[in-house]
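> just to be clear, the model below is a prediction. Sequence and coordinates:
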Amino acid sequence: MRNLFNFLLSEKIIVLISILFVLSFKANSQHNPIGFLDHVDPHGGNGWAYDEDAGTAPIHVHVYIDGRLYADVIANESRPDLVSAGVTPNPEHGFSFTISGFDTSYAHEVIVYAIMP
């Protein structure tokens, strides 16, 4: 599981906190997943995630808001820019998620993890 980014989320401000850490739970894994949370706002977010050990298969991404699992999404959306940049062998490694039901009058912490297959 890899933390892609940690954000504070509110209607008025989005502040990048940090890239945290990589946790590896798979003993035979050769590579940690990589990725990036490109955008997040009070309505949702998007980015990409890839694990070389998974080959061309998509991997799961977990979205936590305020320390609780909010969504489990699959990074299988087309991102041809990743292939052009030489990051992934195929474009199906993008993800997106929608956020609803949160009070936007104060900040919320959003953390996204790429999950090892």
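All right, it came through fine.
> helix or strand with the lowest mean pLDDT in this structure?
For the chain, counting by mean pLDDT, DSSP states H and E, strand 14-18 ranks last in confidence among helices and strands (a mean of 32).
> how much space between the residue of the chain positioned farthest from its centre and residue 92?
In the chain, residue 105 marks the outermost C-alpha relative to the chain mean, sitting 24.2 Å out by C-alpha atoms, centre = their mean. According to C-beta to C-beta, to the nearest Å, residue 105 stands 37 Å off from residue 92. From N, CA and C alone the C-beta is placed, and that goes for glycine too.
> likewise residue 104?
With distances defined as C-beta to C-beta, the gap from residue 104 to residue 92 amounts to 32 Å.
> repeat that for residue 56.
7 Å.
> figure out how far stretch 39-57 is from the centre of its chain.
Taking C-alpha atoms, centre = their mean, to the nearest Å, the mean C-alpha location of stretch 39-57 is offset from the chain mean by 4 Å.
> just to revisit the earlier point, quick one, which of residue 56 and residue 92 is more surrounded?
Here residue 56 and residue 92 are set side by side on neighbour count (other C-beta atoms under 10 Å), and the busier one is residue 92, at 20 against 11.
> all set, thanks.
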